[in-house]
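*Asks:* Give me coordinates for this.
(2 chains)
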Amino acid sequence: MGPTRMTDIEQETRAGAREEYDAIAVQERWLSVWDELAPFRSSDPGDERPKRYVLDMFPYPSGDLHMGHAEAYALGDVIARYWVQRGYNVMHPIGWDAFGLPAEGAAIKRGVDPRDWTYANIDQQRASMRHYACSFDWDRVLYTCDPGYYRWNQWLFLRLYERGLAYRKPSQVNWCPYDQTVLANEQVVGGRCERCDTPVTKKKLTQWYFKITEYADRLLEDMTQLEGAWPEKVLTMQRNWIGRSTGADVSFVIEGRDEPVTIYTTRPDTLFGATFFVVAADSDLAAELVAEAPGEVRERFASYLAQVQGTSEIDRLSSERPKTGVFLQRYAINPVNGERLPIYVSDYVLADYGHGAIMGVPAHDQRDLDFARAFGLAVRVVVDTGEPDPAETGVATTGDGVLVNSGELDGLRKAEAIERITQLLAARGLGRPAVTYRLRDWLISRQRYWGTPIPIVHCPSCGEVPVPDDALPVRLPRVEGLDLTPKGSSPLGAAQEWVNVACPRCAGPARRDPDTMDTFVDSSWYYLRFCSPGREDVPFDAEAVRTWLPVDQYVGGVTHAILHLLYSRFVTKVLHDLGYLDFTEPFTRLLNQGMVIMNGSAMSKSRGNLVRLSDELSAHGVDAVRLSMVFAGPPEDDIDWADVSPAGSARFLGRAWRLAGEVASPVGADPSTGDLELRKLTHRAVQDTAVAVEAFRFNVAVAKIMELVNATRKVVDTGAGPADPAVREAVEAVAVMLSLMAPYTAEEMWARLGHAPSVARAGWPALDEALLVRESVTCVVQVAGKVRDRLEVPPGIDEDELRTQALASAAVQRALDGRGVRTVIVRAPRLVNVVPV
RNA sequence: GCGGGAGUGGUGGAACGGUAGACACGCCAGACUUAGGAUCUGGUGCCUCACGGCGUAGGGGUUCGACUCCCCUCUCCCGCACCA
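*Replies:* I've put the predicted structure just below:
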């Protein structure tokens, strides 16, 4: 009966001869094999496999790959390699987000050409990726700093320009004093420059914008397509960022001014509670209103404005900041009751939100109340919420209640009053319902060298003239002779031969726009370019885009939750509207991986907790590092490298590899004659692993593979033995599944098992459904919800039979201790719960 | 302040409302060893000699049954932060 026992001698030999797996030595042998086989090429003509587009966010080439890259690409690779094994033609390309400030920094500091610095880093990263066994399709590669790429940024700019979606306007903009350039709203994080952490200030400048606000509603609505496929967190962040609010515009007559001024409010029901009026200090309206004010007021305003503009965003944001302002000695007339409201300027009203002016309702808005208390202004309650008087408590009431002191609105509740007053205002031509967004237009011009030149020529007689398509690309001038030091204006302006051109329209002398584009423009459409990276006549091949897009699976860090993802969604919609794309969302599914940290905090040189990827790779090998990244936990969680054990991963890989060397049945041995229990475990593991991978529970997938390895070990050592065909079946399954995370080891195993490379294209093991059926399951028997016994029962057992068996259990009877049975809950075949009286 | 998420062994983490702690790391013991930081085997939530009891941040609730659903509290993380 049973499996053949190994003799003691065999056992001794085997134990004594445990082979050592040299994970590092093995690596070299496969790289050239893979180069030749190109298992991940996706552009072979006539490829009949169904398509799938897996995309990792492309890197910025600032030095070599680091631990963060290693995690992201390990995760993306599991997904890409899985779908290849499932028989899909997977497009998994890579490129470089190659424009940007670090290259200029290097140029300034070390006198190297940004081009040379950038391409040198790219070469290094590319070599590291190859070594890290990334499953990229090396035929699909792009560099955004290549004129062959950025000409299409210019093309995109011109298409937006034609539609009025790219425009120039003067405005108060975010200014980074360190980088000496403007920043988009999205690139200011907590009042600091997203790049260099310098506190941001404001500056009035004329800049180029993309009109993303025109797409605010669609960016919001289309998120229903992404529900469940993108992390909820990202969707929430985008919703908040867009910040749609509904309310009403209300016109106020200003004494001594012909035109009334419109304000926006979400609380038109509190109109009768307005006791003052505030205009943003840095708005045009403020400048205009103060011009008619007495000289003393003008002076105070001027010094106040200077003070406001000198304040950094950091200070502006501090919440405990007292309210400040200047009374202009002018008045606005409340349209509902004719009251004269004193007009103030203050920095707590923002020039570029709503209309840059508000009505002050101190009783029902905390900010207004703070201001009123600072300036001794009246506080009038118009919504009785039952809470204490704000004038005394200093706490504004914002809840629901009954309108008072509000003329015809008295007695209505908040919501009714909002509707009523909006109607009344509309009927009298004094207001209308209004929607406002927190989202601002995307400021895309930058006063720096290493970016895409804006394809506009400024002509003294024709004004702004777009560069014709056939004159693209507008190439960057050579860097020689240019001073790249940040000085607040673009270095390109000093490139005389470049900047002075003939006007494309009148041929007269004109100047190129000297600014370059935000690098987020580059990345807002790169996923389209991968379909046809070599095309020189079009930005992307329409047919190829129809084939591949949208991206089925996007993988990247949550740092881009707003910036890159919002811009990409916007550009996709614009290109859709222009007829270039037939879809409206670029990324069907999104996975945000966490960060790799060390000892509880982000790695940094200054903290002294930096872990170098290259060190980890040479200590443990590529596979062990990749496996550790994947096995550490759910992909969206941070990985504390102090908590993971690449050495443990390496040991596991050695165990798997050794098994492959012990398989003693020939290639093609019929598994159906093999050990049934092991076969069942194999097929179940294959099934469970697939389910886990598809649900992004890669750590669980690894655990399932480990279980199978452990079970196979037992069968080899103390069960059916290494010659059983079921062992081969199991080990082959392990090799294929492991190829998702540990490509070198899997390839070695595959070779040891007698197969030709590459295991990457071996195909996912076919499931035998019959082997997934269990002939007995463990049934838990509870008494009052507590487990008292376990029964082995057939899966098809009927409820009555199970109930009978459960009640017959001695352990159940003991636990009942003579009490009667009130009910028995039976959930065949897994559980019975006996409820005593 | 507003919004979102999360609290499970010494650690990372598993668990369709149905066996809490899969799989690892670490640790302990053993085997093989001149040796072992290699390899293999076994053990490992807490209390208890045991029977058994207690355990998923804390407190309530729904349910035959709750890590899972609901309410309250505490703690931590993330995002936004004068957006009228």
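*Asks:* burial measure for the residue of chain A found nearest RNA strand B, as a count.
*Replies:* Per CB to the nearest atom of the strand, A:Gly648 is where chain A lies closest to RNA strand B, at 2.7 Å. Heads up, the C-betas are built off the backbone N, CA and C, glycines and all. A:Gly648 has 14 neighbours, counted by other CB atoms under 10 Å.
*Asks:* and the host helix or strand of it, which residues are buried?
*Replies:* Using DSSP states H and E, A:Gly648 sits in helix A:646-662. Going by neighbour count (16 or more other CB atoms under 10 Å), the buried part of helix A:646-662 is A:646, A:649-650, A:652-660, A:662.
*Asks:* which residues does the residue of chain A closest to RNA strand B contact?
*Replies:* A:Ser628 (CB atoms under 8 Å, 6 or more residues apart in numbering).
*Asks:* Under a three-state scheme, what state does A:Arg330 occupy?
*Replies:* Under DSSP: H, G, I helix; E, B strand; the rest coil, A:Arg330 falls in the strand class.
*Asks:* so who does the nearest residue to it once chain neighbours are set aside touch?
*Replies:* Using CB to CB, 6 or more residues apart in numbering and skipping the chain neighbours, the partner closest in space to A:Arg330 is A:Ile343 (4.7 Å). Contacts for A:Ile343 were tallied using CB under 8 Å, 6+ apart; they are A:254, A:276-279, A:289, A:327-328, A:330-332.
*Asks:* Mind listing the residues bridging to A:Ile343?
*Replies:* With DSSP bridges as the criterion, A:Ile343 is bridged to A:Phe277.
*Asks:* Just confirm A:Asp389 contacts A:Val395, I think it does.
*Replies:* No. Between A:Asp389 and A:Val395 there is no contact under CB atoms under 8 Å: 9.6 Å.
*Asks:* okay, the residue nearest to A:Arg330: pLDDT?
*Replies:* Note on A:Ile343: pLDDT of 95.
*Asks:* Tell me the buried residues in the longest helix anywhere in chain A?
*Replies:* In chain A, assigned by DSSP state H, the helix with the most residues is helix A:698-718. Buried residues in helix A:698-718, defined by neighbour count with 16+ other CB under 10 Å: A:698, A:700-706, A:708-709, A:711-713, A:715-716.
*Asks:* for the residues you listed, which one is nearest A:Thr823?
*Replies:* A:Val700 (35.7 Å; CB to CB).
*Asks:* wait, isn't that closest one in contact with A:Ala692?
*Replies:* Yes. Proximity of A:Val700 to A:Ala692 meets the contact threshold set by CB under 8 Å, at 4.2 Å.
*Asks:* Now do the contacts for A:Pro722.
*Replies:* A:662-665, A:716.
*Asks:* Can you classify the spatially closest residue to A:Ser809 that is not a sequence neighbour as helix, strand or coil?
*Replies:* Using CB to CB, 6+ apart and skipping residues adjacent in sequence, the residue nearest A:Ser809 is A:Asp789, 4.5 Å away. What three-state DSSP gives for A:Asp789 is strand.
*Asks:* Look at A:Asp789 and say how many residues are nearby.
*Replies:* Counted with other CB under 10 Å, A:Asp789 comes out at 20.
*Asks:* where does the stretch 451-600 of chain A dip in pLDDT?
*Replies:* Applying pLDDT under 70 to the stretch 451-600 of chain A flags no residue at all.
*Asks:* can you give me the strands in it?
*Replies:* Taking DSSP state E, counting those that start in this stretch as the test, the strands found in the stretch 451-600 of chain A are A:456-459, A:463-466, A:500-502, A:509-512, A:516-517, A:553-557, A:590-593, A:596-598.
*Asks:* Then the stretch 601-750 of chain A?
*Replies:* A:601-602, A:639-640.
*Asks:* Give me the contacts around the last one.
*Replies:* When contacts are defined by CB under 8 Å, 6+ apart, strand A:639-640 is touched by residues A:71, A:594-600, A:629, A:632-633.
*Asks:* Pull up the residues of the stretch 701-837 of chain A that are close to RNA strand B.
*Replies:* A:702-703, A:706-707, A:710, A:713-714, A:717, A:778, A:780, A:782, A:784-787, A:790, A:814, A:823, A:825, A:827, A:830-831, A:833, A:835 (CB under 7 Å from any atom of the strand).
*Asks:* Now with 6 Å, please.
*Replies:* Remark: the part of the stretch 701-837 of chain A in contact with RNA strand B comprises A:703, A:706-707, A:710, A:713, A:778, A:780, A:785, A:787, A:823, A:825, A:827, A:830-831, A:833, A:835, using CB under 6 Å from any atom of the strand.
*Asks:* Quick check: which ranges of chain A have low pLDDT?
*Replies:* A:1-18, A:312-314, A:316-320.
*Asks:* Extract the CA atoms of stretch A:248-265 and return them as CSV.
*Replies:* Provided in CSV are the C-alpha atoms of stretch A:248-265 (Å, rounded to 0.1, in the frame of the first residue of the first chain):
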residue,chain,number,x,y,z
ALA,A,248,-26.2,81.6,-6.7
ASP,A,249,-24.7,84.7,-8.3
VAL,A,250,-26.1,87.9,-6.9
SER,A,251,-25.6,91.4,-8.2
PHE,A,252,-24.8,94.2,-5.8
VAL,A,253,-25.0,97.9,-6.9
ILE,A,254,-21.9,99.8,-5.8
GLU,A,255,-22.3,103.4,-4.9
GLY,A,256,-20.5,105.5,-7.4
ARG,A,257,-20.0,102.8,-9.9
ASP,A,258,-22.0,102.2,-13.1
GLU,A,259,-21.9,98.5,-13.2
PRO,A,260,-23.1,96.3,-10.4
VAL,A,261,-20.7,93.7,-9.0
THR,A,262,-21.6,90.1,-8.9
ILE,A,263,-20.8,87.8,-6.0
TYR,A,264,-21.1,84.1,-5.7
THR,A,265,-22.6,82.5,-2.6
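*Asks:* How about that stretch and RNA strand B, touching?
*Replies:* Yes. Judged by CB under 6 Å from any atom of the strand, stretch A:248-265 and RNA strand B are in contact via A:264-265.
*Asks:* residues of that stretch that come out buried?
*Replies:* A:248-254, A:261-265.
*Asks:* And for stretch A:76-87?
*Replies:* Buried-residue list, stretch A:76-87, by 16+ other CB under 10 Å: A:76-86.
*Asks:* Equivalent analysis for stretch A:444-464, please.
*Replies:* Quick answer for stretch A:444-464 (16+ other CB under 10 Å): A:444-459.
*Asks:* what do you get for stretch A:180-197?
*Replies:* Applying 16+ other CB under 10 Å to stretch A:180-197 flags A:180-188, A:191-195 as buried.
*Asks:* Then stretch A:263-283?
*Replies:* Buried residues in stretch A:263-283 (16+ other CB under 10 Å): A:263-265, A:267-283.
*Asks:* Tell me the residues of the stretch 51-200 of chain A that contact RNA strand B?
*Replies:* A:189-190.
*Asks:* Which parts of the stretch 51-200 of chain A are strands?
*Replies:* Going by DSSP E, counting those that start in this stretch, the stretch 51-200 of chain A shows strands at A:51-56, A:89-91, A:94-96, A:141-143, A:166-176, A:181-183, A:188-189, A:192-193.
*Asks:* Out of those, which gets nearest to A:Gly407?
*Replies:* Across the strands of the stretch 51-200 of chain A, closest to A:Gly407 is strand A:166-176 (CB to CB), at 38.0 Å.
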